[in-house]
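A.B. asks: okay, sequence plus prediction incoming.
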Amino acid sequence: MGLHLETTKAGKPPENIVGKILPGGRPVRRLVRVGSLLLLAALWEALVRTEMVSAFFLPPPSRVLASGWAMAQNGELWRHLAASLGRIGLGFVFGALAGILAGILMGISPAAEDVFGPVIAATYPIPKIAIFPLLILWLGIGEWPKVTVIALGVFFPMVINVRAGIKDADPALIKAAVSMGSGRLAVIWKVLLPGALPMIFAGLKLAIGIALLLVVTAEMIAAESGIGFLILSSADLMQTARLLFGIALLSVLGLAFSGLLEALERLIVKWK
Amino acid sequence: MRVILDNLSKAFQNGDQAPVEALREIACTIEENEFLAVVGPSGCGKTTLLHIVAGLLCPDTGRVFFEGSVSNGRPQTAVVFQELALFPWRTVARNIEYGLEEMGLEKKVRKKRVKEYIDLVGLSGFERMYPHQLSGGMKQRTALARALSLDPLLLLMDEPLSALDAHTRMLMQLELSRIYEKTRPSVLYITHSIPEAVFLADRVLVLSPRPGRVKAVLTLDLPRPRTERIKVDPKFVSYLDTLWGILRQDGKGGTWGSI
């Protein structure tokens, strides 16, 4: 009897034991995570309030937020945000679509790989922003050079990931599909593409970071709006609170994008 | 469906090396509703033979004739691969549905067929699971249902049970013979295991080591439905003995699955 009780007690998973040594379950851990961010902000605020650091060079979080609130009120924030999001959106969609198509083509056709492979290998290492001045010469000062440079930045990680994902397809699955009467298109659409989806998402997550980097850089070089423009123009006018708000906005955007992509991945790649 | 393998030969070119001869002049007929098992040592071209009959490989010489083959240019065959080749992104039901989609059947008809074959192989309740959530035996049943749902006149199976543990393997042998006796397609069954071949088949074709040639064909006179009791039938034991005898002549060249 006693022995029986012993075994039922020991039947608990070992995580519980670990959980007792390191205090806190999942809700507690989440609280700690949020708390660490708040603590940093509080420390920063205190540092400036006690005048250990100049509020001019490092405005406290309260002032950064206040300047953001003011920009939201007068509409400036939305204008810059919309400009940047529009550029990222267009560039990302064009670049990702082109990258996926080229990646599929190179994955299924050795001829396409021979033609495009060397070109891609030669252009991939070029920092895309280096082409930006040339794009301005070609396309004029407008939205298109910015959209194009983002599309280029997104294209490369996509084409490389998709190509690898397609090439990595399990030959047994292709064989099975063909044995059930699938033609070339059906094999691409129903076997190769679903199989490459995890790699496509890996590429998208990589690409969104690049897109964010490029939109800010391009806006700092030639733009009248956007988060990059907001940051640079605030620096020119020594408006450090606005500047820091622009930087914080980038952090929020980056988190939002990767969160969105991860949610989308969980929705689509259900079998992992 | 009667299937005639007429003088099939196949060699593989491997880079600059001399071609490797996999099959030499295989001639054999799979009769209507017959369960033909093919046994032979590793690398004797068993899988190559199956791929040729399935239309996934072209033989160098010879042809495969399908008698009583129906419609749209494709002989009505279905394959269960050694790797099973279930689509990881499709649920059990959607995996079984794949071939029916490719046949161009309507959604309603497909769903009905899928349910029918899920019931046949005993997968009810697992329709919405993904392959990685299934045990080996359940994956096996899914692959079998996917092939059977095409209503094939010839079912090709390439060592479908080789990845299973001994116990599950025995259960699946019973299941396979139950399903075969119910649906009665012609079957070409590739296996490593002599007892499995004798338990399931009507005839056993023995291939020689590479290049694979027809070494012997043994007709089995065992009652159907096959039950486990057959394994202690003196005839069953004597068939095993005969097959071992034939294969022993190959010396130590081949490797063999366990009994």
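C.D. replies: Sure, I can see it.

A.B. asks: need the per-residue pLDDT for residue 127.
C.D. replies: You didn't pick a chain, so chain A it is. For A:P127, the model assigns a pLDDT of 94.

A.B. asks: let's do chain B instead
C.D. replies: pLDDT, B:E127: 93.

A.B. asks: confirm that it sits in a strand.
C.D. replies: No: assigned with DSSP: H, G, I helix; E, B strand; the rest coil, B:E127 falls outside any strand and is coil.

A.B. asks: check which helix or strand covers residue 48.
C.D. replies: All of this refers to chain A. helix A:26-49 (DSSP states H and E).

A.B. asks: that was the other one, I meant chain B.
C.D. replies: Here B:T48 is assigned to helix B:46-53, by DSSP H and E.

A.B. asks: same check, this time on B:A78
C.D. replies: Assigned by DSSP H and E, B:A78 belongs to strand B:77-80.

A.B. asks: low-confidence ranges, the chain, go.
C.D. replies: Using chain A here. Along chain A, segments meeting pLDDT under 70 span A:1-25.

A.B. asks: my question was about chain B, not that one.
C.D. replies: Using pLDDT under 70, the flagged stretches of chain B are B:69-74, B:250-259.

A.B. asks: what helices and strands are in contact with the lengthiest helix in chain A?
C.D. replies: Using DSSP state H, we find that the single longest helix of chain A is helix A:76-108. With contacts taken as 3 or more CB pairs under 8 Å, 6 or more residues apart in numbering or on different chains; DSSP states H and E, helix A:76-108 sits against helix A:61-74, helix A:110-123, helix A:143-167, helix A:193-221, helix A:227-236, helix A:240-268. Every C-beta, even on glycine, is put in place using the N, C-alpha and C of the backbone.

A.B. asks: now do the fifth one: which elements does it pack against?
C.D. replies: Secondary-structure packing of helix A:227-236 (3+ CB pairs under 8 Å, 6+ apart): helix A:76-108, helix A:193-221, helix A:240-268.

A.B. asks: specify the beta-bridge partners of the closest residue to chain A within the stretch 151-259 of chain B.
C.D. replies: Per CB to the nearest CB, B:L156 is where the stretch 151-259 of chain B lies closest to chain A, at 8.4 Å. Counting by DSSP bridges, B:L156 is bridged to B:V79, B:L188.

A.B. asks: spell out which residues of the stretch 151-272 of chain A are next to chain B.
C.D. replies: Applying CB under 8 Å from any CB of the partner chain, one finds that the stretch 151-272 of chain A approaches chain B through A:170, A:172-173, A:175-182, A:186, A:190-191, A:194-195, A:197, A:269-271.

A.B. asks: drop anything exposed from those.
C.D. replies: A:173, A:175-182, A:186, A:190-191, A:194-195, A:197, A:271 (16 or more other CB atoms under 10 Å in any protein chain shown).

A.B. asks: let me know the closest of these to B:V204.
C.D. replies: A:S179 (24.3 Å; CB to CB).

A.B. asks: the residue of the stretch 151-259 of chain B closest to chain A contacts B:V79, correct?
C.D. replies: Yes: between B:L156 and B:V79 there is a contact under CB atoms under 8 Å: 4.6 Å.

A.B. asks: give me the common contacts of the two.
C.D. replies: B:L50, B:A54 (CB atoms under 8 Å, 6 or more residues apart in numbering or on different chains).

A.B. asks: contact partners for B:I118?
C.D. replies: Per CB under 8 Å, 6+ apart, neighbours of B:I118: B:V92, B:A93, B:I96, B:S124, B:F126, B:E127, B:A145.
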